[in-house]
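[1] Here is a sequence with its predicted model. Questions after.
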Amino acid sequence: MKMNGNEIRQGNIIKHQDSLWIAVKCNAVKPGKGGAFNQVELKNILDGRKLNERFRAAETVEKVRLDQKPHTYLFAEDDMLVFMNSENYEQIRLQSEFVGDSAAYLTDSMEVEVEFYEDRPISIALPATVVLEVAETEPVVKGQTAANSFKPAILSNGVRTAVPPFVGEGERLIINTEDGSYVKRAD
């Protein structure tokens, strides 16, 4: 699907210079002299390179459509993570570095979305939040309130985060998988 250069938005995936790029930042610029353009910071999906490009309204780029398929996380084997397609039960193995830091939030039987381009996995999307237990934190001090102060904690998956002072060890919390931040206590 073709689109004009000024229509590129953050999160769009485009084909540019014979590779796949995701728009990380977009800034519409209207200088006093000359025509307007879209200043776009691109990140190569396949190898991680970054590129800054100017796209004018008259230029066209190809917007890429990715196939999203539901998968279930099964287990880790050495440095590979095994997922099963929820529709046809085929298994795929992905390098743990492909998933990145988000791999720490994977739990058995977790439902994820794997994006494919021409039957090649491009990215993986975890649920927005997960429930984890606090493995280690400073003890609760009587009289502390939920003011804008936080204390360090280590979660059951080994990830460090900041939690409110009233949270103690063994409590179950809802954690944001994107940045590892505390959301709220789990019910």
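    Perfect, I can see it now.

[2] make it CA atoms for all contacts and neighbour counts henceforth
    OK.

[3] show me what contacts V130?
    By Cα atoms under 8 Å, 6 or more residues apart in numbering, V130 lies in contact with Y105, I174, I175, N176, T177.

[4] Redo the residues you listed as CSV? Include secondary structure and neighbour count.
    Converted to CSV, those look like this (DSSP: H, G, I helix; E, B strand; the rest coil; neighbours: other Cα atoms under 10 Å):
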residue, secondary structure, neighbour count
Y105, helix, 22
I174, strand, 19
I175, strand, 23
N176, strand, 17
T177, coil, 21
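
[5] quick one: which of the residues you listed is nearest I14?
    Of all the contacts of V130, I14 sits closest to T177, with 25.7 Å by Cα to Cα.

[6] So for the closest one, what's the pLDDT?
    As predicted, T177 sits at a pLDDT of 88.

[7] follow-up on the earlier one: of all the contacts of V130, which two lie farthest apart?
    Within those, Y105 and I174 form the most distant pair, 11.5 Å apart (Cα to Cα).

[8] Give me the nearest residue to A28, chain neighbours excluded.
    Using Cα to Cα, 6 or more residues apart in numbering and skipping the chain neighbours, the partner closest in space to A28 is N38 (4.5 Å).

[9] Partner strands of the helix or strand harbouring that neighbour and their direction?
    Using DSSP states H and E, N38 sits within strand 37-44. For strand 37-44, the paired strands and their directions (DSSP bridges) are strand 19-29 (antiparallel), strand 50-56 (antiparallel).

[10] Got phi/psi on M80?
    Taking degrees, to the nearest 10, you get phi -110, psi 150 for the backbone angles of M80.

[11] ok, it touching V99?
    No: counting by Cα atoms under 8 Å, M80 does not reach V99; the two are 9.9 Å apart.

[12] Report the separation between the nearest residue to G35 once chain neighbours are set aside and N6.
    Counting by Cα to Cα, 6+ apart, R56 is the residue found nearest to G35 once chain neighbours are left out, at 7.7 Å. Distance from R56 to N6, counting by Cα to Cα, to the nearest Å: 6 Å.

[13] And for L51?
    Using Cα to Cα, L51 is found at 17 Å from N6.

[14] Please say which of the two ends up with more neighbours.
    Taking neighbours as other Cα atoms under 10 Å, L51 and N6 compare with N6 leading, 23 against 13.

[15] Excluding chain neighbours, give the residue nearest to the more buried one in space.
    Nearest non-adjacent residue to N6 (Cα to Cα, 6+ apart): A57, at 4.9 Å.

[16] Could you give me the buried positions within the helix or strand bottoming out on mean pLDDT in the chain?
    Scoring the helices and strands of the chain by mean pLDDT, DSSP states H and E places helix 96-99 at the bottom, with a mean of 82. For helix 96-99, a neighbour-count test (16 or more other Cα atoms under 10 Å) marks S96, F98, V99 as buried.
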